[in-house]
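[1] From the sequence below, what's the structure:
(one chain, ligands or ions: 1)
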Amino acid sequence: MNLQAMAGQLALLRTLESRAVRKLPPRALWRLRSLLAGERLTRIDGRYVVNSFLPPFPGPAFDALGRGIASLLAGRPVPVSAYIAVTTRCPYRCWHCSGAHRPEQSLPYALAVDTIRQLQDLGVSIVGFTGGEPLQRGDIADLVGAVDARSVSLLFTSGHGLTSECAARLKAGGLFGCAVSLDHHTAAGHDRRRGCAGAFCRAVDAVGESRRAGFYTMLQLVATPENMAEGEMDRYLGLAAEMGVHEIRLLEPMPAGRLLDGGAVCRIDSAQRERLRQVHRRTNRGGKLPKVEAFAEIEHGDSYGCGAGFQHLYIDAGGNVCPCDFVPVSFGNVRDEPLAAIWERMNRAFARPRRNCFLIEHAAELREAFRGRLPIPYEDVARRIDFAYRGELPGFYRKIGYRQATEGLLTYRESGGGRPVLSRMHGRRVGA
Ligand code: SF4
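    Model prediction:
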């Protein structure tokens with residue numbers, strides 16, 4: 001074992017500072033440890049970060065994750081992460097915007113703060129602020145400050161508006177991580193994709209501000225066939241290394257938002273998705289370039305699979321609660337009812353973790369239900385989509401010993417009228 005690996009093993013022992021993690025069943029604890037052992041760790045503010053999908057350890061947010069795993073193993077999945085679109089306002093017009101087709105609005109401050117509290121009461125360990133451009137809100141630092149120590153907060157931004165003053169306010173509010181979208185390694189390439197001249201310079205400056213403020217700093221790239229062409233990805237990774245970011249989040253174009261109705265032209269194919277997985281693995285083995293976290297790898301069936309509505313949720317700027325940032329189906333609105341009730345309803349539909357992306361599998365039905373406005377109410381898609389998943393579990397869940405807690409659980413089925421006919425959860429019946 002080399003020195004770096006030994007240091008990693010020692011660092012992992014600090015996960016045991018969490019009482020909630022120590023109390024996990026031995027099999028889950030052992031598997032969790034071996035899963036983390038293969039990851040590159042970043043030390044920041046005295047804590048270790050595996051990646052932006054897991055809270056740093058040690059600390060209260062990691063405790064929340066430990067409690068979340070215990071709850072999952074007991075058959076009561078809680079959301080690990082939740083992203084809130086605090087506004088739809090944005091100075092850019094990106095070709096792949098997943099927030100498109102939603103009316104222009106912002107989540108009222110008091111409602112946003114109350115929603116954050118409800119999310120944390122549910123057990124969320126990562127709260128992400130997104131948009132639109134979340135920095136278009138003057139009160140974004142206050143919203144970040146509303147997240148108490150039980151969770152860490154992440155900001156997803158184009159970089160527009162991330163001045164040093166803004167970064168200082170976000171730091172004072174307790175922001176942990178900042179992900180800046182950078183769609184290409186050249187100014188011309190990025191500006192074209194953002195629909196705005198000067199976007200590249202602003203993104204690069206924002207990364208600098210994020211680094212200086214001491215945030216866990218990420219780039220976010222939506223990988224297209226074009227930037228997977230020969231040498232292009234290497235140039236992008238090289239630029240990311242020069243900028244000193246900690247992580248690159250590598251997404252693919254999703255049939256959502258602006259791409260919901262015309263997405264077929266920009267989709268990557270399975271061979272290209274496999275290449276993204278290889279970029280993730282190869283880069284992380286090498287250790288010289290920033291960590292790459294490719295969704296193609298993280299959400300692969302052998303890994304964590306699709307967590308939409310099962311361990312992740314998304315709330316749009318109108319208060320609609322959806323399974324993930326890209327699945328435009330609303331299960332209820334935080335303006336109208338408690339988040340816990342909406343989560344239970346959604347989690348009955350997404351009763352099991354899936355090996356494949358729900359959105360990619362059901363894009364055709366969602367397109368059919370799309371009437372020019374998002375999100376689509378659950379009732380409108382329930383007639384077209386059978387939400388129940390009966391396939392094999394993703395690798396992570398099998399490894400930690402998760403089984404459907406109640407094997408006889410009847411998932412959320414729909415009658416011809418689109419109303420739930422029978423639901424039973426956690427061994428008890430719940431009203432439809
Ligand atoms: S639906 Fe697709 S994009 Fe959304 S969480 Fe699942 S795998 Fe990820």
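[2] Disregarding flanking residues, what is the spatial nearest neighbour of whatever residue of the stretch 1-150 of the chain ends up closest to the ligand?
    Closest contact between the stretch 1-150 of the chain and the ligand, by Cβ to the nearest ligand atom, is at Ser98 (9.4 Å). In this view, the C-beta of every residue, glycine as well, is placed from N, C-alpha and C. Excluding the flanking residues, the one nearest Ser98 by Cβ to Cβ, 6 or more residues apart in numbering is Gly257, at 3.8 Å.
[3] Stretch 379-389 close to the ligand?
    No. Using Cβ under 6 Å from any ligand atom, stretch 379-389 never reaches the ligand; the gap is at least 11.2 Å.
[4] Show the contacting residues for the closest residue to Cys306 other than its chain neighbours.
    Taking Cβ to Cβ, 6+ apart, and ignoring the residues beside it in sequence, Cys306 has Arg354 as its nearest neighbour in space, at 4.4 Å. By Cβ atoms under 8 Å, 6 or more residues apart in numbering, Arg354 lies in contact with Gly305, Cys306, Ala308, Phe310, Tyr389, Gly391, Pro394.
[5] rewinding a little: wait, the residue nearest to Ser98 sits on Arg93?
    No. Counting by Cβ atoms under 8 Å, Gly257 stays clear of Arg93, with 11.8 Å between them.
[6] Any quick ChimeraX command for the buried ones out of the contacts of Arg354?
    Selection of buried members from the contacts of Arg354 for ChimeraX, criterion 16 or more other Cβ atoms under 10 Å:
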select :305,306,308,310,389,394
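[7] Next, give me the two most distant ones among the contacts of Arg354.
    Ala308 and Gly391 (14.6 Å; Cβ to Cβ).
[8] re earlier: okay, the residue nearest to Cys306 and Glu299: tell me how far apart.
    9 Å (Cβ to Cβ, to the nearest Å).
[9] what's the overlap in contacts for those two?
    With Cβ under 8 Å, 6+ apart, Arg354 and Glu299 have common neighbours Gly305, Cys306.
[10] gap between Ile44 and Arg211?
    11 Å.
[11] now swap in Glu252 and tell me
    Distance from Glu252 to Arg211, by Cβ to Cβ: 27 Å.
[12] Same drill for those two, tell me which one is more crowded.
    Glu252 (22 against 17; other Cβ atoms under 10 Å).
[13] Please identify the nearest residue in space to the more buried one, excluding sequence neighbours.
    Excluding its sequence neighbours, the residue lying closest to Glu252 (Cβ to Cβ, 6+ apart) is Ile268, at 5.1 Å.
[14] Got phi/psi on Ile376?
    phi -90, psi 130 (degrees, to the nearest 10).
[15] Report the contact partners of the residue nearest to it when sequence neighbours are not counted.
    Nearest in space to Ile376, with sequence neighbours left out and distances taken as Cβ to Cβ, 6+ apart, is Ala369 at 5.1 Å. By Cβ under 8 Å, 6+ apart, Ala369 lies in contact with Ile376, Asp380, Val381, Arg384.
[16] Check Asn51 too.
    So Asn51 contacts Glu39, Glu247, Lys291, Glu293, Ile298 (Cβ under 8 Å, 6+ apart).
[17] quick one: the residue nearest to Ala241 when sequence neighbours are not counted from Phe326, how far?
    Excluding its sequence neighbours, the residue lying closest to Ala241 (Cβ to Cβ, 6+ apart) is Leu289, at 5.1 Å. Remark: distance between Leu289 and Phe326 (Cβ to Cβ) = 27 Å.
[18] Likewise for Tyr378?
    In terms of Cβ to Cβ, Tyr378 sits 16 Å off from Phe326.
[19] do the same with Leu36
    Counting by Cβ to Cβ, the gap from Leu36 to Phe326 is 27 Å.
[20] who's more crowded, the two?
    Taking other Cβ under 10 Å, Leu36 and Phe326 do not tie; Phe326 has more neighbours (22 against 17).
[21] for Val329, phi and psi?
    Per degrees, to the nearest 10, the backbone of Val329 is at phi -120, psi 120.
[22] Any idea how many residues pack against it?
    Other residues close to Val329 by other Cβ under 10 Å number 29.
[23] re earlier: between Gly257 and Arg93, which one's more packed in?
    Gly257 (20 against 12).
[24] and the more buried one, what pLDDT?
    At Gly257, the model reports a pLDDT of 92.
[25] Could I get the buried residue list for stretch 35-52?
    35-36, 39-42, 44, 47-52.
[26] May I see those residues arranged in a markdown table, with secondary structure as well?
    Shown next, in a markdown table, are the buried residues of stretch 35-52 (DSSP: H, G, I helix; E, B strand; the rest coil):
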| residue | secondary structure |
| --- | --- |
| Leu35 | helix |
| Leu36 | helix |
| Glu39 | coil |
| Arg40 | coil |
| Leu41 | coil |
| Thr42 | strand |
| Ile44 | strand |
| Arg47 | strand |
| Tyr48 | strand |
| Val49 | strand |
| Val50 | coil |
| Asn51 | coil |
| Ser52 | coil |
